[in-house]
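1. quick one, structure for this:
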Amino acid sequence: MSDTTLPVAAEAKSAPAAEAPAENGFAALGASPETVAALEMMGITQPFPVQSLTLQIALAGSDVIGQARTGTGKTLAFGVPLLDRLLPANGRPQALVVVPTRELCIQVADDLHRAGKTRSVKVVAIYGGRAFEPQVDALRAGVEVVVGTPGRLLDLARQGHLDLGGIRTLVLDEADEMLDLGFLPDIEKILAQTPSDRQTMLFSATMPGPILTLARRFLNQPVHMRAEDPTETSMVPTTAQHVFRAHALDKVEMIARVLQAQGRGLTIVFCRTKRSCDRVGADLAERGFAAAAVHGDLAQAARERVVRAFRTGKIDVLVATDVAARGIDIQGVTHVINYQCPEDDKTYVHRIGRTGRAGESGIAVTFVDWDDLGRWKDINDTLGLPFPEPPETYSSSAHFYEALDIPKGTGGSLPRSARVRVGLQAEELEDIGDTGSSRRRARTDDGPRSGGREHRAPEHRAPERRVAPSTDAPPRSRPRQRTRGAGAATHVATTQSTADGGTSKAAAGSGPTGEGTSASRPRRRRRGSGRGAGGDAAGGEMSPAGETSTS
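-> Numbering: from 1, shown residues only. Below you'll find the predicted structure:
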């Protein structure tokens with residue numbers, strides 16, 4: 001197994017000049033006329049370095065490991081050869097693109113659909129959070145390209161709806177994430193269902209040595225492409241970076257001022273936890289900013305709604321966890337703010353890569369807590385950044401205003417005259433048949449499905465034990481004794497017999513008077529044979545000594 005590294009020549013580090021489209025255009029690199037026409041409809045006429053390096057090798061069917069900075073055209077680097085190597089449609093998927101997140105799945109599927117529009121290539125996005133039925137129907141109708149996340153791909157493959165036996169091209173986008181420990185078992189199961197003679201391509205902005213070793217297990221003599229010099233940083237040079245040591249209680253105040261900087265466009269605020277996302281998003285909304293949060297706990301329809309509103313400019317502040325950092329390409333993002341220090345250098349690179357894309361400029365701002373200084377030092381040393389000791393900064397610091405071009409006197413709330421965005425409520429919530437928690441809650445409100453425990457009303461359960469016994473029930477083995485009634489009857493009978501002058505066993509007792517004795521004997525008998533020695537079944541009271549009193 002060989003691995004060829006092709007460094008970029010000095011003249012290939014920037015997009016070729018428009019004066020020579022015949023020499024440097026996609027057509028000159030071997031792309032089909034249909035694909036070239038579709039790219040021109042998208043406004044894309046000149047390839048980026050990673051595309052220039054990859055197209056001819058990938059079109060020949062070779063396995064490729066592509067590495068380039070974020071925002072430099074990796075999707076079309078594998079998308080163009082993937083589309084041009086499709087055979088006439090036969091109803092079976094011929095190309096499979098595996099991505100780590102749902103948002104990236106939607107984006108890649110849309111890009112491939114537009115690039116194959118002139119040939120009516122059928123592309124379907126397969127990811128979790130949506131109902132199975134529309135995706136199954138699309139597969140049954142016949143598709144050429146499938147873009148999906150590992151979990152849903154495996155689910156449909158196990159159910160027999162997704163046939164991977166006809167895959168000719170397999171792409172792992174954001175390969176370092178896909179081949180991480182959490183995704184490796186799923187990737188191996190997917191690869192086991194594809195033909196061994198397939199073409200495999202891996203693309204990512206970061207790909208450390210151990211990941212490369214792992215990736216080569218799945219590739220056949222791959223060609224390793226690097227779209228930048230090995231001595232260059234993996235970050236886009238057009239992005240200006242600022243790092244400040246900030247207090248946790250002052251961060252929202254600082255963000256509110258950054259959002260009022262000169263020339264600020266769409267902005268992404270990255271948080272480390274979902275709870276922080278919700279809190280920061282709510283705080284910014286209360287201050288008048290058109291902000292919304294997106295993270296993994298939201299239902300899929302809500303996640304897509306927020307991203308659509310951000311793309312269309314209905315909101316201009318997206319507060320997100322790292323779910324939005326992997327490969328999301330949204331035009332007009334001028335600022336990226338790290339509300340909390342990233343976990344590692346790879347996360348930092350992917351976060352700030354959401355701005356400064358496709359040759360545009362951008363600004364990345366990172367807030368570092370006192371507790372995160374050690375983590376930030378590791379990131380700084382690994383990436384060779386010039387911020388070993390971030391300056392202590394507050395929302396009132398003069399150097400903070402100057403560095404980010406914030407007008408003097410800017411406060412912590414957006415003036416009402418500047419609140420021109422329509423907000424998230426203007427974006428319609430699409431009914432996609434969510435399979436998440438919100439769908440379960442909705443089902444509970446509308447009434448559960450038949451067969452569930454909740455289907456039986458409470459009044460239909462417990463009362464069954466209180467129904468009177470049937471007349472067909474077998475008789476008791478011993479008749480019930482009416483203790484209170486029996487005692488009263490005996491007392492009445494004995495009194496009547498004594499008054500008439502007759503003799504009885506009760507009157508012949510050993511007591512001094514027959515009347516008193518006849519009344520006390522039944523009580524003593526019932527005490528021993530009735531409810532226990534400590535109480536009187538006929539209603540006698542307990543004396544302090546524990547004996548029964550009949551007075």
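2. you'd agree residue 37 is up against residue 118?
-> Yes: using CB atoms under 8 Å, residue 37 is in contact with residue 118, at 5.2 Å. C-beta coordinates here come from the backbone N, C-alpha and C atoms, glycine included.
3. between these two, which is the more surrounded one?
-> Using other CB atoms under 10 Å as the criterion, residue 37 and residue 118 rank with residue 118 on top: 17 against 14.
4. wait, a strand at the more buried one?
-> No: Residue 118: not assigned to a strand; according to DSSP: H, G, I helix; E, B strand; the rest coil it is helix.
5. my read is that it contacts residue 36, right?
-> No: the criterion here is CB under 8 Å, and residue 118 misses it with residue 36 at 9.1 Å.
6. outline the domain layout of the chain.
-> 4-226, 239-426 (automatic domain parsing).
7. show me how far the longest one is from its chain's centre.
-> Spelled out, that is domain 4-226. 24 Å (CA atoms, centre = their mean, to the nearest Å).
8. and what of the last one?
-> Using CA atoms, centre = their mean, the mean C-alpha position of domain 239-426 is found 20 Å from that of the whole chain.
9. so for it, mean pLDDT?
-> Mean pLDDT, domain 239-426: 93.
10. likewise for stretch 194-213?
-> Stretch 194-213 carries an average pLDDT of 84.
11. just the strands in the stretch 201-350 of the chain please.
-> Ranges of strands in the stretch 201-350 of the chain, per DSSP state E, counting those that start in this stretch, are 223-226, 239-245, 266-270, 291-294, 317-320, 333-338.
12. may I have the first one exported as PDB, CA atoms only?
-> Listed in PDB are the C-alpha atoms of strand 223-226, where the atom choice follows Å, rounded to 0.1, in the frame of the first residue of the first chain:
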ATOM      1  CA  VAL A 223      -3.100   9.200  -2.800                       C
ATOM      2  CA  HIS A 224      -2.800  11.800   0.000                       C
ATOM      3  CA  MET A 225      -3.600  15.300  -1.100                       C
ATOM      4  CA  ARG A 226      -2.600  18.400   1.000                       C
END
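13. so which elements touch it?
-> Where contact means 3 or more CB pairs under 8 Å, 6 or more residues apart in numbering; DSSP states H and E, strand 223-226 is packed against strand 4-6, helix 49-59, strand 64-67.
14. now render these as TSV, adding mean pLDDT.
-> Shown next, in TSV, are the helices and strands packed on strand 223-226 (pLDDT from 0 to 100):
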stretch	mean pLDDT
strand 4-6	43
helix 49-59	92
strand 64-67	89
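15. could you export those as TSV, including distance to residue 391 and mean neighbour count?
-> Below are those laid out as TSV (distance: least, CB to CB, whole Å; neighbours: other CB atoms under 10 Å):
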stretch	distance to residue 391	mean neighbour count
strand 4-6	39	12
helix 49-59	36	23
strand 64-67	34	24
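16. contacts only, for residue 372.
-> Neighbouring residues of residue 372 by CB atoms under 8 Å, 6 or more residues apart in numbering: 340-341.
17. for residue 145, what are phi and psi?
-> Main-chain dihedrals, residue 145, degrees, to the nearest 10: phi -130, psi 130.
18. once you drop chain neighbours, what's closest to the residue nearest to the spatial centre of the chain?
-> Nearest residue to the geometric centre of the chain (CA atoms, centre = their mean): residue 296, 2.3 Å. Excluding the flanking residues, the one nearest residue 296 by CB to CB, 6 or more residues apart in numbering is residue 323, at 5.7 Å.
19. which stretch among the domains of the chain comes nearest residue 433?
-> Among those, domain 4-226 comes nearest to residue 433, with 2.8 Å by CB to CB.
20. can I take it that residue 402 is in a strand?
-> No: counting by three-state DSSP, residue 402 is not part of a strand but helix.
21. can you tell me which residues contact it?
-> Applying CB under 8 Å, 6+ apart to residue 402 gives no contacts.
22. distance check, it against residue 408.
-> 9 Å (CB to CB, to the nearest Å).
23. residue 418 now?
-> Residue 418 is 16 Å from residue 408, by CB to CB.
24. neighbour count winner among these two?
-> residue 418 (11 against 7).
25. any idea how far the more buried one is from residue 99?
-> For residue 418 relative to residue 99 (CB to CB), the value is 37 Å.
26. got the buried residues for stretch 152-169?
-> Residues 152-157, 161-162, 164, 166-169 are the ones in stretch 152-169 that count as buried (16 or more other CB atoms under 10 Å).
27. no no, stretch 375-394
-> Judged by neighbour count (16+ other CB under 10 Å), stretch 375-394 contains these buried residues: 375-376, 379-380, 383, 385, 387, 390, 393.
28. try stretch 360-377
-> Buried residues in stretch 360-377, counting neighbours by 16+ other CB under 10 Å, are found at 362-368, 372, 375-376.
29. same check, this time on stretch 83-100
-> 83-86, 93-100.
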